[in-house]
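1. got a sequence here, can you model it:
(one chain, ligands or ions: 1)
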Amino acid sequence: MPDANPATAPNPPVTPVDPAASRALFERAQAVTPGGVNSPVRAFSAVGGTPRFIRSAQGAWLTDVDGARYVDLICSWGPMLLGHAHPEVLAAVSAAVARGTSYGTPTEPEVELAEEIVARTPVEKVRFVSSGTEATMSAIRLARGFTGRDVVVKFAGCYHGHVDALLASAGSGLATLAVPGTPGVPESSTALTVVLPYNDRAAVEAAFAAHGDRIACLITEAAAGNMGVVPPEPGFNAFLADICRRHGALFITDEVMTGFRATRQGYWGIDGAVEGWTPDLVTFGKVMGGGFPAAAFGGRADVMSRLAPEGPVYQAGTLSGNPIATTAGLTTLRLADDAVYDHISRAAETVKQGIAEAFTAAGVPHVVQSAGTMFSVFLCEGPVRDFADASRTDVGAYAAFFHAMLDRGVYLPPSAYEAWFLSAAHDEQALDAVLTALPDAARAAAQASRGDR
Ligand SMILES: *Cc1c(COP(=O)(O)O)cnc(C)c1O
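-> Residues are numbered from 1 along each chain as shown. Just a heads-up that it's a prediction; the model follows:
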């Protein structure tokens with residue numbers, strides 16, 4: 001039936017493909033790469049089973065090396081806002097590649113992308129780097145250089161990349177200095193970090209009371225997305241901006257995940273733009289690279305002007321502002337108009353409603369939480385306000401749910417603590433595949449959570 005309408009065609013029956021080719025590649029990969037992957041979550045450690053090696057992607061769909069197709073609800077962990085292999089992004093990138101791939105000189109696309117970011121967000125000046133980690137690391141260095149202070153405040157469960165000083169766990173009490181969160185980070189690197197519970201104003205007040213004149217900056221995800229989606233409570237970011245200002249510390253919102261994703265202005269479009277406050281520095285990544293390694297930090301002109309070569313705070317990068325990456329990001333952002341965000345928002349509502357119905361019918365405690373167009377599901381009673389709450393999610397039930405969805409052609413984050421991402425390419429056919437898979441998968445989660453797997 002070659003001319004069946006894909007939007008109304010029935011979903012294919014469930015015939016899980018044996019991932020033999022992925023398994024073979026994973027074995028080869030493990031011999032030459034730690035854990036067989038280049039970023040830990042890809043290894044499926046939290047859900048078990050064989051990580052799928054993806055060969056190609058188009059629109060909302062991934063195809064793996066065994067030929068199985070999946071609706072993609074990760075979208076490269078956020079960047080693929082327009083869907084995979086968008087023709088206009090591919091055309092712009094191909095044209096850019098034909099002109100050479102890197103020159104180590106300033107280029108026009110860098111200026112245009114910086115102008116686009118400045119136009120959409122509260123930042124006045126921006127500097128490009130190659131990863132979100134580099135962006136937050138550099139923003140913190142700049143905040144310390146600008147204020148002449150050393151202490152950094154962050155929240156438990158907020159992830160800012162693998163920066164030494166931020167791979168920290170709360171010390172023995174609130175407002176005490178942190179301890180390393182992983183081997184390889186010296187105590188001296190976290191001794192100037194304070195880790196607090198998210199959404200906890202009293203803890204923030206106590207930390208500023210104890211260390212106020214030593215705090216260079218407070219960094220927070222604009223809306224937490226790396227412990228699952230935990231939005232700031234109303235007024236929380238405004239409170240943080242205010243307490244930082246009163247103590248002469250800089251307020252850094254990390255929008256690496258939420259930037260150009262939660263809304264066209266990032267999460268700031270939901271709170272700061274409405275409430276009338278601006279962060280001092282903001283970090284970006286993911287969507288702004290259009291699927292290439294590009295990230296940025298930006299903010300107040302007087303702060304950014306402290307960076308070399310204008311000012312004394314050193315920061316640099318051989319491939320920073322790479323012309324291919326900036327072309328992909330610029331093309332993506334120019335195409336990301338209100339219609340794109342409206343579409344993703346409606347698609348998210350459809351999926352969220354399907355999740356809630358499926359888990360309710362299966363009798364699985366759950367809560368779906370959102371930050372703009374981003375969302376995630378916790379398999380526990382809500383609300384989830386901070387990392388301690390998020391840790392109550394039933395990871396065994398999620399693993400069963402994940403594999404049931406995968407067998408039915410839906411690729412979810414292989415961890416219970418990650419946001420789900422949609423794109424402008426998630427059409428009716430893709431959403432139908434998700435909605436069709438959900439009831440069976442929710443029943444699989446129910447069985448696992450009762451322990452009769
Ligand atoms: C992904 C992410 C980072 C790290 O970005 P990388 O490009 O992976 O280094 C930092 N902060 C947040 C909020 C992120 O989601």
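2. ok, whatever residue of the stretch 1-150 of the chain ends up closest to the ligand to residue 365 distance?
-> Nearest to the ligand in the stretch 1-150 of the chain, going by C-beta to the nearest ligand atom, is residue 132, at a distance of 2.1 Å. No exception for glycine: its C-beta is placed from N, CA and C like everyone else's. Between residue 132 and residue 365 the computed distance is 33 Å (C-beta to C-beta, to the nearest Å).
3. same question, residue 131
-> Distance, residue 131 to residue 365, using C-beta to C-beta: 37 Å.
4. so residue 92 sits right up against residue 329, yeah?
-> No. If you go by C-beta atoms under 8 Å, residue 92 and residue 329 don't touch, sitting 10.2 Å apart.
5. out of these two, which sits in the more crowded spot?
-> Neighbour tally, residue 92 and residue 329, criterion other C-beta atoms under 10 Å: the higher count belongs to residue 329, 33 against 21.
6. chain center to the biggest helix by length in the chain: distance?
-> Longest helix in the chain by number of residues (criterion: DSSP state H): helix 338-362. Relative to its chain's centre, helix 338-362 lies at 18 Å (C-alpha atoms, centre = their mean, to the nearest Å).
7. go on, stretch 417-426?
-> Going by C-alpha atoms, centre = their mean, where stretch 417-426 is centred and where its chain is centred differ by 10 Å.
8. outside of that stretch itself, which residues are in contact with it?
-> Residues outside stretch 417-426 that contact it (C-beta atoms under 8 Å, 6 or more residues apart in numbering) are 41, 59-60, 71-75, 77-78, 80-84, 86, 225-229, 257, 261, 336, 340, 343-344, 347-348, 351, 371, 373-377, 390, 393, 412-413.
9. of those, list those near the ligand.
-> On the criterion C-beta under 6 Å from any ligand atom, 225, 226, 257 are the entries of the contacts of stretch 417-426 that sit beside the ligand.
10. around the first one, count how many other residues there are.
-> By other C-beta under 10 Å, the residues close to residue 225 number 31.
11. ok, the second one next?
-> The number of residues packed near residue 226 is 21, by other C-beta under 10 Å.
12. isn't it right up against residue 158?
-> Yes. Counting by C-beta under 8 Å, residue 226 does reach residue 158; the two are 6.5 Å apart.
13. now, which of the contacts of stretch 417-426 lie within strands?
-> Of the positions in the contacts of stretch 417-426, 71, 72, 371, 374, 375, 376, 377 sit in strands, assigned by DSSP state E.
14. and the furthest pair within the residues you listed?
-> Spatial extent of those (C-beta to C-beta) is set by the pair 71 and 371 at 21.5 Å.
15. within range of the ligand, give me the residues from the stretch 201-350 of the chain.
-> Residues of the stretch 201-350 of the chain lying near the ligand (C-beta under 6 Å from any ligand atom): 221, 225, 226, 254, 256, 257, 285, 295.
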